[in-house]
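1. Next one to model:
(one chain, ligands or ions: 1)
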Amino acid sequence: MTEQERMKAGYIWLDDEENMAMQARCRGLIEKYNSLPPDANAERMALTKEIFGKCGDHVWIIPPLKVMTGTYTSIGEGTYMNLGTTLIDDAPITIGERVLFGPNVTVCTTGHPISPKHRGDGMYSFPITIKNGAWIGANVVIMPGVTIGENSVIGAGSVVTKDIPDNVVAFGTPCKVYREINEHDEEYYFRDYRFDDQPEREEMPHLDFLED
Ligand SMILES: CC(C)(COP(=O)(O)OP(=O)(O)OC[C@H]1O[C@@H](n2cnc3c(N)ncnc32)[C@H](O)[C@@H]1OP(=O)(O)O)[C@@H](O)C(=O)NCCC(=O)NCCS
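-> Residues are numbered from 1 along each chain as shown. A predicted model of the protein is given here:
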């Protein structure tokens, strides 16, 4: 069994040449991504398709971006990631469509044995899934093996250690469900601020590079 086969089967695994080569490939592309001129939006968007195993259209990631392999991450159409996203994708990270990341989100598929006797044996990695329409707040850390449900909101600063169901607001360390997304959220976007009290837009803003 290769080290990558061990990882995929949920066994303890170690870095080997195959993994090191994946990391080196990714590091080169990420260096390029993070050093593109600030207004090179179309080039950055095109590069996401090279970095990640799968990447939909109109994926918008604000640099700096930090990614371990790229190969094991898939990102759905229209997903947005703010400054400082870190993806430790030693195992698959599956991010759906229209997902939002606040700044400094860390998605971490890997851990090390707790026992110091076994610490040197290697690491373990388990897949993470973030479903369509989820919003992950600033400074959230998502742990190995976790699934975050469709449309759910993870409050800023949470450490997500267990699965979170669809359509809920959850936060804290460890992250727990606070409430379901409800009708009140359809009327109010923040405290007593209502969608219906917005001024009409004369024209929708337009971004050319999003068109192809
Ligand atoms: C979770 C969140 C969406 C608010 O959800 P909400 O259901 O409207 O919650 P409320 O603001 O009514 O707060 C409810 C309670 O939870 C607490 N709370 C809210 N967010 C929290 C968080 N992230 N961590 C811990 N507690 C939180 C509030 O203090 C309040 O406590 P109280 O009942 O003791 O007064 C919001 O607080 C949040 O974390 N937003 C993320 C913002 C962000 O990261 N932006 C980055 C740009 S993308």
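
2. Give me the residues contacting stretch 139-147.
-> The contact list for stretch 139-147 (CB atoms under 8 Å, 6 or more residues apart in numbering) reads 91, 102-111, 124-131, 136, 148, 154-164, 175. Glycine gets a C-beta too; all of them are placed from N, C-alpha and C.

3. show me which of the residues you listed neighbour the ligand.
-> Contacts with the ligand are made by Gly102, Gly155, Ala156, Gly157 out of the contacts of stretch 139-147, judged by CB under 6 Å from any ligand atom.

4. In ChimeraX, how would I select just the buried ones from these?
-> To isolate the buried subset of these in ChimeraX, counting by 16 or more other CB atoms under 10 Å, use the following:
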select :102,155,157
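
5. of the ones next to the ligand among the contacts of stretch 139-147, closest to Arg179?
-> Gly155 (11.1 Å; CB to CB).

6. elements contacting the longest helix seen in the chain?
-> Counting by DSSP state H, the longest helix found in the chain is helix 17-35. Counting contacts by 3 or more CB pairs under 8 Å, 6 or more residues apart in numbering; DSSP states H and E, helix 17-35 packs against helix 3-8, helix 41-51, strand 66-67.

7. got the contact list for the helix or strand just after the second one?
-> It stands for helix 41-51. Following helix 41-51 in sequence order, the next helix or strand is strand 54-55 (DSSP states H and E). Strand 54-55 is contacted from outside by Thr48, Lys49, Thr73, Ser74, Ile75, using CB under 8 Å, 6+ apart.

8. Check which element follows strand 54-55 along the chain.
-> strand 60-61.

9. Centre of the chain to that next one, how far?
-> 11 Å (CA atoms, centre = their mean, to the nearest Å).

10. ditto for stretch 17-28
-> How far stretch 17-28 lies from its chain's middle: 20 Å, per CA atoms, centre = their mean.

11. just for the chain, where's the confidence low?
-> 212 (pLDDT under 70).

12. ok now do the residue lying closest to Ile128 once chain neighbours are set aside, which residues does it touch?
-> Spatially, and ignoring its direct neighbours in sequence, Ile128 is nearest to Ile93 (5.0 Å; CB to CB, 6 or more residues apart in numbering). Listed by CB under 8 Å, 6+ apart, the contact set of Ile93 reads Tyr72, Thr73, Ser74, Leu87, Val107, Thr109, Pro127, Ile128, Thr129, Ile130.

13. swap in Trp135?
-> So Trp135 contacts Val99, Leu100, Gly102, Ser152, Val153, Ile154 (CB under 8 Å, 6+ apart).
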